[in-house]
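Peer 1: Could you look at this predicted model? Sequence included:
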Amino acid sequence: MTQPRRMKLARRRENDSSCGVNLRFATLAAVLAVSCAAGCSRTKPAESPTTAAPALRRVVFQSDWFPQAEQGGYYQALAKGFYREAGLSVEIRPGGNAVGIKLPVAKGDADFGMNRSDDLMVAASRGMPLVIVAATFQHDPQALMVHTDSPVKTFKDLQGRTITASLSMNWIPFLQKKYVLKFNLKPNTYGLASFLADPNAIQQCLMTNEPFFAQQHGAAVRTLPLADAGYDVYHAVFCRRELARLEPRVVRAFIAASIRGWRDYLSGDPTPAHALILKRNPQMTPEQLAFSRSEIILRGLVAGDAVRGEDVGQISLTRLSEQLDVLLDLKLLDAPIGVRDVATTEFLPPAQR
């Protein structure tokens with residue numbers, strides 16, 4: 001064999017050997033890659049169930065009327081996700097003429113409700129297991145509405161007149177006793193036709209509501225707030241005693257998120273709440289919402305008077321105790337009860353207790 005042929009054969013063997021080595025390395029690398037992938041798949045820890053988002057606690061809040069600005073803070077908290085952030089899935093149930101407020105809460109069909117503090121105290125004296133835990137309004141917006149030219153300027157001027165009102169209201173015997181009054185009563189039909197037709201008419205109202213409709217119909221009106229007569233009750237948030245005892249975290253979370261909703265509704269953009277209210281209440285209008293919210297802010301109904309220690313959601317056991325004394329004096333309680341039998345501040349934010 002010649003020298004050139006031997007060199008060519010040697011180079012071929014060298015190339016064949018190099019290809020074989022490379023092929024073996026490639027095969028080994030592929031096997032290792034598959035093995036590693038299989039091993040990684042087997043050893044990857046399963047996701048712990050404790051890392052999943054906790055379930056939201058369902059809460060039913062029974063409101064006292066159809067969706068309106070007087071419930072604006074609750075709808076703001078719902079629309080902006082404040083309740084969800086607090087771990088709650090909240091349903092706001094509308095009220096109405098034929099819808100109970102206290103009984104659904106007492107029976108456990110609803111978790112929370114809103115009503116006047118005097119009404120709740122009377123219910124508690126009759127055995128309903130309800131407890132006031134916060135306030136919606138520092139001062140209930142109940143008032144008497146008269147035409148601007150009416151001779152009724154003060155509560156003393158009610159003597160001998162006729163008032164359209166809900167006949168079971170506790171402020172009626174209060175005014176009669178305090179001012180030594182005698183007046184006639186007509187059942188409230190929640191309409192304004194009779195009021196608009198009679199310049200001497202006197203009608204129970206919410207300062208945040210009926211005056212708007214009267215003005216819409218061209219009537220100039222004034223209001224006499226019942227709080228100015230000394231009948232100054234809260235519009236309160238309440239729940240069952242059992243809920244407060246067994247699930248205090250739920251009560252605190254609902255109150256904190258609601259207070260946050262009210263602060264945001266009153267000082268921020270109310271659009272989220274108003275959009276939800278308008279969607280759920282076809283009879284509502286943006287103009288009425290704007291009027292009611294403006295009155296709530298102007299009169300300090302929710303925020304109250306900071307000089308007097310009032311704040312959003314705040315309740316005072318001293319003030320509630322004074323209300324109990326009034327109800328007892330009027331013989332409206334079925335049995336004497338203590339303020340701690342019907343109210344507690346323990347679920348309010350620490351700075352407000």
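Peer 2: Structure received. Numbers count the residues shown, from 1 in each chain.
Peer 1: can you pull out the helices in the stretch 101-250 of the chain?
Peer 2: Using DSSP state H, counting those that start in this stretch, the helices assigned to the stretch 101-250 of the chain run over residues 102-107, 117-125, 171-178, 193-197, 210-216, 241-246, 248-267.
Peer 1: Can you say which of the ones you listed is packed in most?
Peer 2: helix 117-125 (a mean of 23; mean count of other Cβ atoms under 10 Å). (Each C-beta comes from the backbone N, C-alpha and C, glycine too.)
Peer 1: got a list of contacts for it?
Peer 2: 102, 106, 130-132, 135, 140, 170-171, 233-236, 238, 320, 323-324, 327, 332-337, 341-343 (Cβ atoms under 8 Å, 6 or more residues apart in numbering).
Peer 1: Would you show me how to pick out the buried ones of those residues in ChimeraX?
Peer 2: Buried residues within the contacts of helix 117-125, by 16 or more other Cβ atoms under 10 Å, are selected in ChimeraX with:
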select :102,106,130,131,132,135,140,170,171,233,234,235,236,238,320,323,324,327,332,333,337,342,343
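Peer 1: Run through the residues that contact Pro286.
Peer 2: 274, 278 are the contacts of Pro286 under Cβ under 8 Å, 6+ apart.
Peer 1: State the distance from it to Gly218.
Peer 2: 20 Å (Cβ to Cβ, to the nearest Å).
Peer 1: can you count the residues close to Tyr179?
Peer 2: 15 (other Cβ atoms under 10 Å).
Peer 1: Hmm, Trp171 and it touching each other?
Peer 2: No. Taking Cβ atoms under 8 Å as the definition, Tyr179 is not a contact partner of Trp171, at 11.7 Å.
Peer 1: Name the residues contacting each of the two.
Peer 2: In contact with both Tyr179 and Trp171: Ala229, using Cβ under 8 Å, 6+ apart.
Peer 1: which SS class is Ala351?
Peer 2: Following DSSP: H, G, I helix; E, B strand; the rest coil, Ala351 is assigned to helix.
Peer 1: That one and Leu324, how far apart?
Peer 2: Ala351 is 26 Å from Leu324, by Cβ to Cβ.
Peer 1: do Ala244 as well
Peer 2: The value you get for Ala244 to Leu324, if Cβ to Cβ is used, is 19 Å.
Peer 1: One more: Lys80?
Peer 2: Relative to Leu324, and taking Cβ to Cβ, Lys80 is found at 36 Å.
Peer 1: One more: Gly304?
Peer 2: On the measure of Cβ to Cβ, Gly304 and Leu324 end up 20 Å apart.
Peer 1: same question, Asn184
Peer 2: The value you get for Asn184 to Leu324, if Cβ to Cβ is used, is 29 Å.
Peer 1: Equivalent analysis for Lys182, please.
Peer 2: Taking Cβ to Cβ, one finds Lys182 at 27 Å from Leu324.
Peer 1: Also Arg249?
Peer 2: Per Cβ to Cβ, Arg249 is found 29 Å from Leu324.
Peer 1: Would you agree Ser321 falls within a helix?
Peer 2: Yes. Applying three-state DSSP, one finds Ser321 inside a helix.
Peer 1: Show me the shaky parts of the chain.
Peer 2: 1-52 (pLDDT under 70).
Peer 1: domain ranges for it?
Peer 2: 57-140+233-352, 142-229 (automatic domain parsing).
Peer 1: just those: most buried one?
Peer 2: domain 57-140+233-352 (a mean of 19).
Peer 1: Now do the end-to-end distance for that domain.
Peer 2: Domain 57-140+233-352 has an end-to-end distance of 25 Å (criterion: Cα to Cα, to the nearest Å).
Peer 1: List the contacts of Gln352.
Peer 2: Gln352 neighbours (Cβ under 8 Å, 6+ apart): 311, 313-314, 345.
Peer 1: Leu332 versus Trp65, what's the distance?
Peer 2: From Trp65 to Leu332 the distance is 23 Å (Cβ to Cβ).
Peer 1: need the contact list for Asn188.
Peer 2: Counting by Cβ under 8 Å, 6+ apart, Asn188 has contacts 164-167, 203-204.
Peer 1: Do a quick rundown of the strands in the stretch 1-150 of the chain.
Peer 2: 57-62, 88-93, 112-116, 130-137, 142-147 (DSSP state E, counting those that start in this stretch).
Peer 1: Touching the first one from outside, list them.
Peer 2: Residues lying outside strand 57-62 but in contact with it, judged by Cβ under 8 Å, 6+ apart, are 74, 83, 87-93, 95, 99, 101, 104-105, 109-114, 247, 250, 253-254.
Peer 1: partners of it, with directions?
Peer 2: Strand 57-62 sits in its sheet next to strand 88-93 (parallel), strand 112-116 (parallel), going by DSSP bridges.
Peer 1: Generate CSV for those strands, with distance to Leu224 as supplementary columns.
Peer 2: Below are the strands paired with strand 57-62 laid out as CSV (distance: least, Cβ to Cβ, whole Å):
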stretch, distance to Leu224
strand 88-93, 31
strand 112-116, 17
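Peer 1: out of the strands of the stretch 1-150 of the chain, nearest to Pro282?
Peer 2: strand 88-93 (16.2 Å; Cβ to Cβ).
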